[in-house]
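# Sequence first, predicted coordinates after that:
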Amino acid sequence: MARFSNYWQQQSVVSSLIASSTIINSDIVNGVTQQLPCIHGSHGFSKCFSRHQSFFSHVVSSSSIIVAFPLPETQTFQSPGDSTRAKTMATDREWTQLVVIGSSRKAASEILKTHDRELSGRCVPHVSFAKDPKLNEDSIAWTFECTDRWKFFRSLMRNELFSSKAVDGQSSTREAKAREMIDFLRKKEGERVKIRDIVFAYIFNALANIYLSKDLLNYDQIGECQRVCGLVREMMELHTALNISDLYPILGRLDLQGLSRKCNEGEGRIQELWRGVIKERREGRNDTGDDDNSSKRKDFLDVLLDGEFSDEQISLFLVELLAAVSDSTSSTVEWAMAELMRNPQAMKRLREELAGKIPEELIAESSLAKFPYLHSCFKETLRLHPPAPFLIPHRATEDCQVMDCTIPKDAQVLVNVWAIARDPDKWEDPLCFKPERFLNSDLDYKGNHFEYLPFGSGRRICAGMPMAVKKVQLAFANLIHSFDWSLPNNMLPDELDMDEKYGITLMKEQPLELIPKWRK
Ligand code: HEM
């Protein structure tokens, strides 16, 4: 309960800070007050934003733009008059960025369902390669609009990667990679391991094998795994770093803080991991004159080469479909492990469920359906720690009336799924980790229940959800089933730091370090 009141206190700090930087309609809706991710303890988001407070004040006071500052916490644009004012401000000040945040179930449903068509553009941060209009049309997650080309990519991914048939066909690859992860951890028995790095390597290699039929990371070079994991993390953070170019798009090209340059360099280093693989495959195909390689089993790289995509295009797909998603997926496993360490009863119950059905061997994907409590732990982890707390920023592609508020064209539209999944009016004990709430409940993450949207909803819903669900649960189940885990330095479960760190992915600020002990 102490944590809960702390939560509300911090809301006001964070809300007013944010309100002072951009035009915010944090509650397009009835009664729910502004809620921004932050919470646990005294750090997390509030720290992240307060670090920039002086920067904001400076920007604000030195400009003649944007609303009156600072906006009081409660000031939102709720009445039709307010929304007209917001619109006027946005159109008068074309060179500033209007941000609208939906923070209730109703607002989420309006944005992602009722107005899905008008609000499913993307607001692309200046650091992203996709800000370049020529590259944007080859992006999936950052396409400015849902064009025919984006539809083509989505259907290509659905058919080749994420249909039930395709996902089932990949299960042996994921199982093999899960086994490698467990074998590596067996060798580390009694030592401290960073869960994030280990799981990242599993996710990354499982995806790399599905796309390229090749490992890109090697557990024996754990330093390299950490380097790549750190590089990806840094890129994700750069996408949400406070960037003056995003606040004042007119300054975009100047890259005054050097963030775009940094992001480009990071992406370049990540792409080095697979550039050679693409080149080699293309040359191999040319040498055999076997352009479509029809007699052999195809992986996703073959599909892309058959589709005559350039090496550059393929490489950028892999930035989005391999590097970026490995971050969100490994983060979910890390949070799940952290929550279980803090909740010994839940850990015990999960162990019993797993051991009752699978006494020895590694748990196979085909067995996952037998574990309702495992599935509930997965759902509860995503409720408390959605990897994308505001989804990926949407954009209004035209003026749009949402409830009693006009969202003008080109406004950035965020849905605070983090806060919605903690709304005390909708969730009992919203800040407690209680997987039981999902047992015997039909609430799922497929985008139909607007109080719970870890994968989003509507046309921009996570493309990789069917694969992500399997991948996370497989890793999580086997980590719990194979090892007893303890915290280093005799730390007590309550002492585990659960602060969050904001990037596009909501990470655990302090990486989770645990000591494995083989259970068999
Ligand atoms: C636990 C793991 C994951 C979670 C919680 C998650 C969640 C999300 C969310 C919230 C979005 C944005 C939705 C929106 O903006 O409305 C998204 C987009 C996306 N996700 Fe995931 N994701 C996960 C893993 C994956 C994986 C493993 C893949 C692919 C292998 C993937 C591929 C994508 C793609 C391509 C998009 C962009 C969709 C578009 O803009 O059309 N995700 N994801």
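Sure thing, it's come through.
# How many residues are close by the closest residue to P387 other than its chain neighbours?
Once flanking residues are discounted, P387 sits nearest to S328: 3.6 Å by CB to CB, 6 or more residues apart in numbering. For glycine as for every other residue, the C-beta is placed from the backbone atoms N, C-alpha and C. For S328, the neighbour count with other CB atoms under 10 Å is 24.
# Can we start the residue count at 41 from this point?
Sure thing, new numbering starts at 41, so read that last one as S368.
# Check S368 and give its pLDDT.
At S368, the model reports a pLDDT of 90.
# how far away is it from the ligand?
5 Å (CB to the nearest ligand atom, to the nearest Å).
# quick one, phi/psi of K557?
phi -130, psi 120 (degrees, to the nearest 10).
# my read: it touches E231, true?
No. Counting by CB atoms under 8 Å, K557 does not reach E231; the two are 10.5 Å apart.
# quick one: G263 from A241, how far?
12 Å (CB to CB, to the nearest Å).
# one step back: show the contacting residues for the residue nearest to P427.
By CB atoms under 8 Å, 6 or more residues apart in numbering, the residues touching S368 are 427-428, 508, 545.
# is it true that it lies in a helix?
Yes. S368: assigned to a helix according to DSSP: H, G, I helix; E, B strand; the rest coil.
# Looking at G263 and A241, which is more packed in?
Comparing G263 with A241 by neighbour count (other CB under 10 Å), the higher total belongs to A241, at 28 against 8.
# The more buried one contacts Q266, doesn't it?
No. Contact criterion CB under 8 Å: A241 and Q266 do not qualify, at 9.1 Å.
# Now the common contact residues for those two.
Counting by CB under 8 Å, 6+ apart, no residue touches both A241 and Q266.
# Please report phi then psi for the residue in the chain positioned nearest to the ligand.
Closest residue of the chain to the ligand, CB to the nearest ligand atom: G504 (2.3 Å). Phi and psi for G504, reported as degrees, to the nearest 10, are phi -100, psi 10.
# helices or strands up against the helix ranked longest in the chain?
With secondary structure taken from DSSP state H, the chain has its longest helix at helix 299-328. Contacts defined by 3 or more CB pairs under 8 Å, 6 or more residues apart in numbering; DSSP states H and E place helix 299-328 against helix 235-252, helix 262-280, helix 340-346, helix 351-358.
# Can you give the distance from it to the centre of its chain?
Computed by CA atoms, centre = their mean, to the nearest Å, the chain-centroid distance of helix 299-328 equals 24 Å.
# Give me the buried positions along stretch 437-454.
Neighbour counts over stretch 437-454 (16 or more other CB atoms under 10 Å) mark 437, 440, 442-443, 445-454 as buried.
# picking up where we left off before, contacting residues for the residue of the chain closest to the ligand?
G504 makes contact with 197, 201-202, 361, 365, according to CB under 8 Å, 6+ apart.
# Which ones among those also lie next to the ligand?
Subset of those in contact with the ligand: 361, 365, counting by CB under 6 Å from any ligand atom.
# Let's have the buried residues of stretch 437-454 in a markdown table, adding secondary structure and distance to L278.
As requested, the buried residues of stretch 437-454 are exported to a markdown table (DSSP: H, G, I helix; E, B strand; the rest coil; distance: CB to CB, whole Å):
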| residue | secondary structure | distance to L278 |
| --- | --- | --- |
| T437 | coil | 26 |
| C440 | strand | 30 |
| V442 | strand | 30 |
| M443 | coil | 34 |
| C445 | strand | 31 |
| T446 | strand | 32 |
| I447 | strand | 27 |
| P448 | coil | 28 |
| K449 | coil | 27 |
| D450 | coil | 23 |
| A451 | coil | 23 |
| Q452 | strand | 17 |
| V453 | strand | 22 |
| L454 | strand | 18 |
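# Can you say which two of the residues you listed are spatially most distant?
For the buried residues of stretch 437-454, the farthest-apart pair by CB to CB is M443 and D450; their separation is 19.5 Å.
# M197 is in contact with V343, correct?
No. Shown here, V343 and M197 do not form a contact pair, counting by CB under 8 Å, at 9.9 Å.
# if you count what's nearby, which of these two comes out ahead?
When V343 is set against M197 and neighbours are counted by other CB under 10 Å, the residue ahead is M197, at 20 against 17.
# The nearest residue in space to the more buried one that is not next to it in sequence - how many residues pack around it?
Distance criterion CB to CB, 6+ apart; nearest residue to M197, sequence neighbours excluded, is A503 at 5.3 Å. Here the number of neighbours of A503 (other CB under 10 Å) works out to 20.
# show me what contacts A503?
For A503, the contact set (CB under 8 Å, 6+ apart) comprises 180, 194, 197-198, 202.
# Helix, strand, or coil at it?
A503 ends up coil, using three-state DSSP.
# how close does it get to E200?
Distance, A503 to E200, by CB to CB: 11 Å.
# One more: K228?
Distance, K228 to E200, using CB to CB: 36 Å.
# before we move on, what about N488?
For N488 relative to E200 (CB to CB), the value is 25 Å.
# who's more crowded, the two?
When N488 and E200 are compared for neighbours, E200 comes out ahead with 17 against 13, by other CB under 10 Å.
# was I right about the more buried one contacting A206?
Yes. Contact status for E200 versus A206: in contact at 6.2 Å, counting by CB under 8 Å.
# Would stretch 215-231 count as contacting the ligand?
No. Legend: contact between stretch 215-231 and the ligand by CB under 6 Å from any ligand atom is lacking; minimum distance shown is 13.2 Å.
# pLDDT averaged over that stretch - what is it?
The average of the pLDDT scores along stretch 215-231 is 96.
# ok, residues contacting it?
Everything outside stretch 215-231 that qualifies as a contact, by CB under 8 Å, 6+ apart, is 233, 238-239, 241-242, 245-246, 249, 259, 402, 404-405, 514-515, 518-519, 522-523, 555-558.
# From those, list just the buried residues.
Listed as buried from these are 233, 238-239, 241-242, 245-246, 249, 259, 402, 404-405, 514-515, 518-519, 522-523, 555-556; burial here means 16+ other CB under 10 Å.
# Of those residues, which are in range of the ligand?
Answer for these near the ligand: none qualify (CB under 6 Å from any ligand atom).
# on that earlier part again, among the contacts of G504, which one lies nearest to P412?
Nearest to P412 among the contacts of G504, with distances taken as CB to CB, is F202, at 23.6 Å.
# Check the gap between that closest one and R389 for me.
Distance, F202 to R389, by CB to CB: 31 Å.
# Near the residue lying closest to W182 once chain neighbours are set aside, how many other residues are there?
Nearest residue to W182, sequence neighbours excluded (CB to CB, 6+ apart): A170, at 3.6 Å. When neighbours are counted by other CB under 10 Å, A170 registers 23.
# Enumerate the residues of the stretch 41-190 of the chain near the ligand.
Residues of the stretch 41-190 of the chain found near the ligand (CB under 6 Å from any ligand atom) are 180-181.
# Could you report the distance from the nearest residue to L256 once chain neighbours are set aside to I238?
The shortest distance from L256 to any non-neighbouring residue, by CB to CB, 6+ apart, is to A248 (4.3 Å). For A248, the distance to I238 equals 16 Å [CB to CB].
# So what sits opposite F523 in the bridge?
On the basis of DSSP bridges, F523 is bridged to W558.
# correct me, but it touches K557?
Yes. Using CB under 8 Å, F523 makes contact with K557 at a distance of 6.0 Å.
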